[in-house]
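Undergrad: Structure of the sequence below:
(one chain, ligands or ions: 1)
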Amino acid sequence: MHEFTAEVEALAHEVLAYSLDRLKNDPPLDGPRTSEDLFAEVGNTITARGLGGHQALEVFTSVLAKACISSDHPRNLAFIPSAPSEYANLFDLVVGASALYGGSWQEGAGAVFAENQALRWLSDLAGLPESAGGVFVQGGTVGNLSALVVARAEARKKHPDATRWAIACSQESHSSIVVAANIMDVDVLKISTATDGKLMGSAVAQAIDELHATTSKRVCAIVATSGTTNLGIIDDLKGIGSAAHERGIWFHVDGAYGLAALCAPSVRSHFDGIEAADSFIVDPHKWLFAPYDACALIYREPELARAVHSQHASYLDTLKDGAWSPSDYAIHLTRRTRGLPFWFSLAAHGTDAYTEAMEHTITVAQAAADLVRAHPNLELVCEPELSIVAFTRKGWGAKDYHNWSDQLLADQVGFIPPSSHNGETILRFAIVNPWTKISDIEMIVDRL
Ligand SMILES: *Cc1c(COP(=O)(O)O)cnc(C)c1O
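TA: Numbers count the residues shown, from 1 in each chain. So this is what the prediction gives:
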């Protein structure tokens, strides 16, 4: 019934050989090309008769793949890169070959069971109760939106007369919070941080009390960030959680990048207060060595999320049997079992290996900060709290930073685009890759 021809088998060997080669060797950095340039080289790849597997693979491996920057290159320190473990990447091949449906327990029980154990590890690290649970969604943006929609539903129950809702967060919070507010048609109450960039519980309490006293708006959720994407700053989770719960408001923690370090004892105390979260997110595709795309979204009381997100239709009602269906906990229905590569790597290596890899990246970040401190031309923007090292170059304007960064990529040394802080151009190293060595940082710093 299954027609696996010699041609398909030959292609399978080619695909596996390419994948093995990519996993075994240092990844190339590579870089973007224009659409016109790519078209000039490969033309229109969609044809009536098809290119054939061999040729289509060739187009990808020899041209298209090289026009993509490898996020796992040890000197790709841009934005928040990604460094999937070999095991996680290998298991992604298995997921691809398995036609797993991750939306319902009925169809994907074994896969969902495994994903839930990986979610349990994160939930336990955060100190949430046994009843907590959630789902892997595409990314932090969808995770934040899904949680905030549940938060508003809860607020509506408590305050049926409210005329307008607001989400409270810091001025440093991630752009996805504003996007979520726009989609939800709610306002954003941006609260100033202390001078060190941390949002404090006292500032949150004051800003919300003032809003409630002077307008008919009500805050439906407070978002704390741990840590911020630009500088890795962790908000005052304890104080913000108390401010939220004293006022009966949902407490969401956006830890897309930083909460990965819950498994690192050296920084665990920075996250004190996370145990009071009503919901939180962390992206295994950022700093937990998993491939794109996977965000762990966890609720203290998942049944509240199910009541909001569960889809009802005649053809779906057979699935409403009380079993745990991942579709019920976020804005999605059909879903890839995207948590499985993370689960496999975690199950195979054990959690101690995660702690070790995490501590290693933090140590390299500390050493990178030392190099910056010792450099006559460089100045730290702030002391790194996690694994982001942000700094300025004395005497440089925005153009100098951009030219330097462009040249770094053109020379295939590294990928470090400039960012900004308080209106000033800065550079930052986001170190999430256990293969990034201090000699890699030296190589970059030497060019400054
Ligand atoms: C990256 C990030 C997000 C968005 O996550 P995506 O997976 O890119 O959608 C949200 N919040 C913070 C703090 C982040 O660092």
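Undergrad: near the ligand, which residues of the stretch 151-300 of the chain?
TA: Selection of the stretch 151-300 of the chain residues close to the ligand by Cβ under 6 Å from any ligand atom yields His174, Ser176, Thr225, Thr229, Asp254, Ala256, Tyr257, Asp283, Cys295. Where you see a C-beta, it was placed from the backbone N, CA and C, and this is true even at glycine.
Undergrad: Inside helices: which ones of these?
TA: Among those, the ones falling in helices (DSSP state H) are Ser176.
Undergrad: Tell me which two in the residues of the stretch 151-300 of the chain next to the ligand are the farthest apart.
TA: Thr225 and Cys295 (14.7 Å; Cβ to Cβ).
Undergrad: and those two? which has more neighbours close in?
TA: The residue with more neighbours, out of Thr225 and Cys295, is Thr225; 29 against 26, by other Cβ atoms under 10 Å.
Undergrad: quick one, what contacts that one?
TA: The contact partners of Thr225, by Cβ atoms under 8 Å, 6 or more residues apart in numbering, come to 169-170, 172-174, 199, 233-235, 253-255, 258.
Undergrad: Check the spacing between it and Ala40 real quick.
TA: Distance from Thr225 to Ala40, counting by Cβ to Cβ, to the nearest Å: 44 Å.
Undergrad: if we can go back for a sec, and the residues of the stretch 151-300 of the chain next to the ligand, which are buried?
TA: The neighbour count (16 or more other Cβ atoms under 10 Å) marks His174, Ser176, Thr225, Thr229, Asp254, Ala256, Tyr257, Asp283, Cys295 as buried among those.
Undergrad: pLDDT at the third one, what is it?
TA: Taken from the predicted model, the pLDDT recorded for Thr225 is 98.
Undergrad: and if you look at the first one?
TA: Predicted confidence (pLDDT) at His174: the value is 98.
Undergrad: contacting residues for it?
TA: Counted by Cβ under 8 Å, 6+ apart, His174 has contacts Gly140, Asn144, Thr225, Thr228, Thr229, Asp254, Ala256.
Undergrad: Kindly provide the distance from Leu189 to the ligand.
TA: 18 Å (Cβ to the nearest ligand atom, to the nearest Å).
Undergrad: these two touch, right, that residue and Glu210?
TA: No - counting by Cβ atoms under 8 Å, Leu189 sits too far from Glu210 to count as a contact (9.6 Å).
Undergrad: neighbour-wise, which of these two wins?
TA: Leu189 (18 against 11).
Undergrad: does that one sit in a helix, a strand or a coil?
TA: Following DSSP: H, G, I helix; E, B strand; the rest coil, Leu189 is assigned to strand.
Undergrad: show me where pLDDT drops low in the protein?
TA: 1-2 (pLDDT under 70).
Undergrad: center of it, which residue is that?
TA: Central residue of the chain (Cα atoms, centre = their mean): Asp283, 3.3 Å from the mean position.
Undergrad: And that residue, how far from Tyr18?
TA: Distance, Asp283 to Tyr18, using Cβ to Cβ: 27 Å.
Undergrad: for Gly50, same thing?
TA: 19 Å.
Undergrad: what do you get for Leu386?
TA: From Leu386 to Tyr18 the distance is 35 Å (Cβ to Cβ).
Undergrad: Would you mind telling me which of those two has more residues around it?
TA: Leu386 (28 against 15).
Undergrad: wait, doesn't that one sit right on Val364?
TA: No - Leu386 is beyond contact range of Val364, at 11.9 Å (criterion: Cβ under 8 Å).
Undergrad: Would you tell me which strand is longest in this structure?
TA: strand 217-225 (DSSP state E).
Undergrad: And the next helix or strand along the chain from it, what does it pack against?
TA: Heading C-terminal from strand 217-225, the first helix or strand you meet, by DSSP states H and E, is helix 237-246. When contacts are defined as 3 or more Cβ pairs under 8 Å, 6 or more residues apart in numbering; DSSP states H and E, helix 237-246 packs onto helix 201-214, strand 217-225, strand 250-254.
Undergrad: Tell me the gap between helix 237-246 and the middle of its chain.
TA: Centre-to-centre, helix 237-246 and its host chain are 24 Å apart (Cα atoms, centre = their mean, to the nearest Å).
Undergrad: now that helix against strand 250-254, angle please.
TA: Orientation of helix 237-246 against strand 250-254 (axes from the mean of the first three to the mean of the last three Cα atoms, to 10 degrees) gives an angle of 150 degrees.
Undergrad: If you count neighbours, what's buried in helix 237-246?
TA: Neighbour counts over helix 237-246 (16+ other Cβ under 10 Å) mark Leu237, Lys238, Gly239, Ile240, Gly241, Ser242, Ala243, Ala244 as buried.
Undergrad: Nearest to the ligand among the residues you listed?
TA: Closest approach between the buried residues of helix 237-246 and the ligand, by Cβ to the nearest ligand atom: Leu237, at 13.5 Å.
Undergrad: who's in contact with the helix or strand harbouring Thr425?
TA: For Thr425, the element it lies in under DSSP H and E is strand 424-430. Residues from elsewhere that reach strand 424-430 (Cβ under 8 Å, 6+ apart): 77-81, 230-231, 257, 365, 368, 381, 387-393, 396-398, 401, 405, 416, 418-420, 441, 444.
Undergrad: burial measure for the residue nearest to Trp105 when sequence neighbours are not counted, as a count.
TA: Of all residues not flanking Trp105 in the chain, Ala323 sits nearest, at 3.7 Å (Cβ to Cβ, 6 or more residues apart in numbering). Other residues near Ala323 come to 12 when the count uses other Cβ under 10 Å.
Undergrad: Next, Ala323: phi, psi?
TA: Note on Ala323: its backbone torsions stand at phi -70, psi 160 [degrees, to the nearest 10].
Undergrad: what sits against it?
TA: Contacts here follow Cβ under 8 Å, 6+ apart; on that basis Ala323 touches Ser104, Trp105, Gln106, Ala109.
Undergrad: how many neighbours does the nearest residue to Leu371 once chain neighbours are set aside have?
TA: Using Cβ to Cβ, 6+ apart and skipping residues adjacent in sequence, the residue nearest Leu371 is Val445, 5.1 Å away. By other Cβ under 10 Å, 18 other residues sit near Val445.
Undergrad: can you give me the helices for the stretch 51-200 of the chain?
TA: 53-59, 86-98, 105-126, 140-158, 175-184 (DSSP state H, counting those that start in this stretch).
Undergrad: elements contacting the fourth one?
TA: When contacts are defined as 3+ Cβ pairs under 8 Å, 6+ apart, helix 140-158 sits against strand 164-170, helix 175-184, strand 217-225, strand 250-254, strand 279-282, strand 295-299, helix 302-309.
Undergrad: and what of the second one?
TA: With contacts defined as 3+ Cβ pairs under 8 Å, 6+ apart, the packing partners of helix 86-98 are helix 6-24, helix 340-349.
Undergrad: in the longest helix seen in the chain, what counts as buried?
TA: Longest helix in the chain, counting residues (DSSP H): helix 351-374. Burial within helix 351-374, assessed by neighbour count using 16+ other Cβ under 10 Å, is assigned to 353-355, 357-362, 364-369, 371-372.
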